[in-house]
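This is a predicted model, with the sequence first.
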Amino acid sequence: MPFAKHETFHIREGWLSKGMTAIKGAEEKGELPTIFLDKDAPEKLGIGRNMVRSLRFWMQATGLAEERLEDRKRTQRLTSFGEQVWAHDRYLEDDVTLWLIHYHLVCSQTQATTWYWFFNHFSPVTFDENECLDALGQWVIIMQPEQKVAESSQKKDVDCLLRTYLPDERRHTPENLMESPLARLGILAKLNDGPKGRYRWERLLPGHLDPLVLLYVLLDRQAHSEITQVSLGQVLREPMNAGRVLNLTTVVLTDLLAELNRDYPDLQVQFVRTAGLDQLSLPEVAPHDVLTHYYTR
């Protein structure tokens with residue numbers, strides 16, 4: 001269970017694009033992409049050394065890159081998802097890209113423990129930072145009773161998570177490079193000011209999400225199984241499934257599926273009643289192909 005690997009820096013506007021550019025730039029020169037561990041990385045990337053370490057973490061936690069050992073050197077290469085983002089939306093201008101980065105981030109159990117916990121196991125509609133910290137601490141004790149995690153590390157994670165999704169209140173210009181691009185998704189909102197401010201999970205409204213994002217998540221969760229059917233209950237309540245990571249109600253989920261079936265007849269998801277349970281029968285298509293379909297429309 002790793003904590004505080006972000007060096008207290010949340011994802012900044014332009015960072016992920018900078019990371020992808022550095023990786024692809026090395027590849028185009030025929031070099032190993034070791035940029036995040038190179039001594040001159042701060043000069044090449046234009047950010048401080050601690051920020052370089054943070055960006056190294058965020059590239060992996062968001063599912064855009066993965067680390068490998070090549071020629072006895074630690075490298076980063078873009079994942080299949082990262083390659084598609086690089087090819088079609090390298091500056092993260094499309095909200096569909098941001099939703100899928102959010103999905104990969106909150107499913108990153110081995111990199112971003114607190115993000116995984118927050119979206120998959122923490123469920124109050126409103127909360128303050130202390131409530132969040134207490135609940136996270138209890139969950140860590142239950143899941144890893146032998147692991148001692150400093151409360152300060154957990155607090156750094158919670159602070160960073162809030163900055164990942166909340167708009168920067170200090171913004172004075174239309175383009176704020178300090179703000180996280182994921183703040184554009186409107187997932188969290190602050191209810192009041194002060195040191196004990198409360199926060200709210202915002203319910204996703206119909207029309208705010210392309211249904212292909214939902215299909216991508218459904219297919220990705222089933223990618224390691226030969227079963228193409230999933231129960232409605234699993235979709236809504238299972239960790240890392242669409243209901244949890246996108247904060248969907250049954251009504252919004254149903255509306256999104258109806259929109260998907262209307263607008264993408266070749267990618268339809270069918271409702272099936274089996275043994276008294278509502279099941280979703282998924283199309284036989286890979287998540288990668290769904291994203292390709294969206295970007296090349």
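Okay, I see it.

And for Val230, nearest residue in space, chain neighbours not counted?
Using CB to CB, 6 or more residues apart in numbering and skipping the chain neighbours, the partner closest in space to Val230 is Leu280 (5.4 Å). Glycine gets a C-beta too; all of them are placed from N, C-alpha and C.

Okay, now the sheet partners of the helix or strand hosting the one you found, with direction.
If you go by DSSP states H and E, Leu280 is part of strand 277-281. Strand 277-281 pairs in its sheet with strand 229-231 (antiparallel), strand 270-274 (antiparallel), by DSSP bridges.

after it, next one along is what?
helix 287-295.

tell me which residues of that next one are tucked away?
Judged by neighbour count using 16 or more other CB atoms under 10 Å, the buried positions of helix 287-295 are Pro287, His288, Val290, Leu291, His293, Tyr294, Tyr295.

Kindly report the same for stretch 269-279.
Val269, Gln279.

what's that stretch in contact with?
Contacting residues not belonging to stretch 269-279 are listed as 215, 218, 229-233, 257, 260-261, 280-283 [CB atoms under 8 Å, 6 or more residues apart in numbering].

now this protein, which segments are flagged as low pLDDT?
Applying pLDDT under 70 to the chain flags residues 169-177, 193-196.

ok, now with 90
1-5, 69-73, 123-125, 143-151, 167-178, 191-197, 203-208, 223-229, 272-278, 296-297 (pLDDT under 90).

Where do the strands of it begin and end?
Under the criterion DSSP state E, the chain carries strands at the ranges 65-70, 73-78, 126-128, 188-190, 198-201, 229-231, 270-274, 277-281.

of all the ones you listed, which lies closest to Glu146?
Proximity to Glu146, assessed across these by CB to CB, is greatest for strand 65-70 (26.4 Å).

And that closest one, how far out from the chain middle?
20 Å (CA atoms, centre = their mean, to the nearest Å).

Now that strand: buried residues?
Within strand 65-70, the residues scored as buried using 16+ other CB under 10 Å are Ala65.

Can you check what angle separates that strand from strand 73-78?
Strand 65-70 runs at 150 degrees relative to strand 73-78, counting by axes from the mean of the first three to the mean of the last three CA atoms, to 10 degrees.

Which residues does strand 65-70 contact?
19-20, 23, 32, 59-60, 74-79, 82.
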